[in-house]
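**Q** Following is a predicted model, sequence given first.
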Amino acid sequence: MSSEPEPVIDRPESLTNVVYDAIRRLIITQSLAPGARVSENMLAQRLQVSKTPVREAVLRLAHAGLVIADGKRGARVPELSAERLAAAYEFREGVEAQTAKLAAAKAGQKARETMRGAAAACMAAARSGDMQGFQEHDRAFHLAVADAANNSYLRGCVEDAYDLVWTLRLRDSPASGDVVYTAGEHEMILGAIIDGREDAARGLMSTHIRNVQAFVLGAMAGSGT
């Protein structure tokens, strides 16, 4: 199966979002190799789009830490690095622990139902061995918690942190771990949020992300990366 993304012309989604996801896939598959320089012209030609959505997507990628400006009217892909991945998890822990606390204080009924649905779907995918579904619903759960916190600044940070961690994780340390256990931690976090236990929600989210970090970094070390 080819790792090259399909052309993104004439798709119904926002073109910038589609280009952003396409470039992330190129990074994950190492079609854009670690350390490689990227430019708007190169990416526009490769993805068969104009430079405008590429420019906007690259700005998003740079803001999330998925490309690094090199000072030469271009950017480069981050190198493989356990230290970089650890720092990404630390960033994610900081913002998501706070969103969990705020969600416990602010979440209304609709937000609770959205979180509950995402957590249940994530567990179902984990139990069935559907790794793609697990990752999609995992993302949905964490973003639902961020939405429930009702803070647009934190919501953007959570999305950036999530995309950064998963992109680097899938590229640098692709082992899957015990996803049923991970999904079970979502249910504990959700319970604390629904009960309005702010400190417990914050602590459980922090522990959840640290547990995943420990597994991912351990798998990366074991692979000799």
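**A** All right, it came through fine.

**Q** Other residues contacting the worst-scoring helix or strand of the chain on mean pLDDT?
**A** Ranked by mean pLDDT, DSSP states H and E, the weakest helix or strand in the chain is strand 68-69, scoring a mean of 88. Strand 68-69 is contacted from outside by 62, 75, 76, 77, 78, using C-beta atoms under 8 Å, 6 or more residues apart in numbering. Heads up, the C-betas are built off the backbone N, CA and C, glycines and all.

**Q** In CSV: these, plus neighbour count and secondary structure.
**A** Listed next are the contacts of strand 68-69 as CSV, based on neighbours: other C-beta atoms under 10 Å; DSSP: H, G, I helix; E, B strand; the rest coil:
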residue, neighbour count, secondary structure
62, 13, helix
75, 22, strand
76, 17, strand
77, 21, coil
78, 21, coil
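
**Q** So which of those is the closest to residue 126?
**A** Within these, the smallest distance to residue 126 is 28.6 Å, found for residue 78 (C-beta to C-beta).

**Q** where does that closest one land on pLDDT?
**A** In this model, residue 78 is scored at 93, pLDDT.

**Q** Over to residue 74?
**A** For residue 74, the pLDDT comes out at 77.

**Q** do you know how far the nearest residue to it once chain neighbours are set aside is from residue 187?
**A** Excluding the flanking residues, the one nearest residue 74 by C-beta to C-beta, 6 or more residues apart in numbering is residue 39, at 4.6 Å. To residue 187, residue 39 is 45 Å away according to C-beta to C-beta, to the nearest Å.
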